[in-house]
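1. Turn this into a structure:
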Amino acid sequence: MDILLYNPLSRNGNDPKFIDKIEKHLEKQGKEVTKYNILDIESVEAFVQALDPKDRVILVGGDGTLHRLANRIYGLSYPQELYMYQAGTGNDFIRSLKTKEKVVHIKPYLQKLPTISYEGKTKHFLNGAGLGLDGFVIHLVSNSKYKKNKFNYFRHALEGFKKFHALKGSFTVDGETHKEDKIWFVCAMNAPFQGGGMNMAPKAIRDEDNLHLLVIKNIPKFLLFFIFPTIYFGGHVIFKKFVDIYVGQKFHIEFDEPTYMQVDGEPKSNIQIIDIESTK
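-> Numbering: from 1, shown residues only. This is a model prediction of the structure:
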């Protein structure tokens with residue numbers, strides 16, 4: 001049996017016709033399908049224990065839905081195979097797997113995820129997490145009156161450039177500390193993509209036991225406008241005077257004043273210190 005999990009708070013999960021379309025698609029493949037609202041599942045452990053071990057669990061959604069589920073099931077032992085039906089806006093997680101399949105097997109990729117710690121809390125993340133301008137842009141996108149898509153992200157990125165100011169801060173990579181007076185953002189990447197296809201860390205590989213730390217610093221604001229679009233195809237890495245990418249397993253990032261943070265596209269404000277660690 002296929003167990004279809006959908007998030008009614010997501011764009012497509014809130015569309016009954018879209019969910020019904022997926023159900024019919026699976027039934028045409030000879031599958032028996034049962035649908036569940038993921039928000040109604042109080043105990044994930046009890047839920048999977050009630051399923052047949054041979055059931056196939058399929059999550060309908062994008063990076064945001066998967067991020068929340070991954071944190072709920074992390075460390076949980078369950079016999080069922082877990083798949084994802086591509087239905088999100090960004091789909092950066094699936095994009096990093098380089099597959100054209102519509103229903104993608106994802107269970108192996110959720111076993112060992114990096115962590116971000118802040119204000120006494122610790123979360124796992126799938127794609128990227130960081131402090132600064134990218135967090136502010138995600139904040140603008142999340143509070144936008146427009147639909148979430150690449151154009152809207154680009155629109156608010158330009159708005160973010162105008163309103164955001166670079167900050168003093170430091171970042172430590174596996175014990176080695178670097179200080180800068182003008183940091184735009186620092187972002188740890190577990191895979192190349194973030195923000196709906198932005199190739200932030202072109203050489204990052206999800207299966208490797210390290211993370212890539214992207215640092216944008218000391219760049220004049222007017223030049224940032226020109227460099228930003230190149231991130232979509234990874235061209236920003238050639239601007240070595242302003243762009244650094246470090247490879248490591250433990251990062252400590254600290255700004256001189258509170259700023260915006262984003263974790264897999266979820267924003268939070270007034271964060272000054274974060275710790276990031278690979279668990280692979």
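2. Which parts of the stretch 151-280 of the chain are strands?
-> 167-173, 176-189, 193-194, 198-199, 211-217, 243-248, 250-263, 266-277 (DSSP state E, counting those that start in this stretch).
3. and among the ones you listed, the most buried is which?
-> strand 193-194 (a mean of 28; mean count of other CB atoms under 10 Å). Yep, even glycine has a C-beta here, placed from its N, CA and C like the rest.
4. Just checking: what are the partner strands of that one?
-> Take DSSP bridges as the rule and strand 193-194 pairs in its sheet with strand 198-199 (antiparallel).
5. For the strand it pairs with, give the mean pLDDT please.
-> Averaging the model's pLDDT scores along strand 198-199 yields 92.
6. Next: stretch 182-195.
-> Here the average pLDDT along stretch 182-195 is 95.
7. picking up where we left off before, of the strands of the stretch 151-280 of the chain, which approaches residue 153 most closely?
-> Evaluated with CB to CB, the strands of the stretch 151-280 of the chain place strand 198-199 nearest to residue 153, the distance being 8.2 Å.
8. Let me see the contact set for residue 171.
-> 177-178, 186, 213, 215, 246, 251-254 (CB atoms under 8 Å, 6 or more residues apart in numbering).
9. can you name the two of the residues you listed that are farthest apart?
-> 246 and 254 (15.3 Å).
10. by contact count, what packs against the lowest-mean-pLDDT helix or strand in the chain?
-> The weakest-scoring helix or strand in the chain, judged by mean pLDDT, DSSP states H and E, is helix 150-163 (a mean of 78). Secondary-structure packing of helix 150-163 (3 or more CB pairs under 8 Å, 6 or more residues apart in numbering; DSSP states H and E): helix 133-142, helix 221-227.
11. Looking at those helices, which one is packed in the most?
-> The highest mean neighbour count among the helices and strands packed on helix 150-163, using mean count of other CB under 10 Å, belongs to helix 133-142: a mean of 24.
12. got the contact list for that one?
-> By CB under 8 Å, 6+ apart, the list of residues contacting helix 133-142 reads 148, 152-153, 156-157, 159-161, 163-164, 184-185, 187, 194-195, 216, 259-262, 265-269, 271.
13. and that helix with strand 250-263, angle?
-> Going by axes from the mean of the first three to the mean of the last three CA atoms, to 10 degrees, helix 133-142 is angled at 20 degrees with respect to strand 250-263.
14. three-state assignment of the residue of the chain most remote from its centre?
-> Most distant residue from the mean C-alpha position of the chain: residue 30, 33.3 Å away (CA atoms, centre = their mean). Using DSSP: H, G, I helix; E, B strand; the rest coil, the structure places residue 30 in coil.
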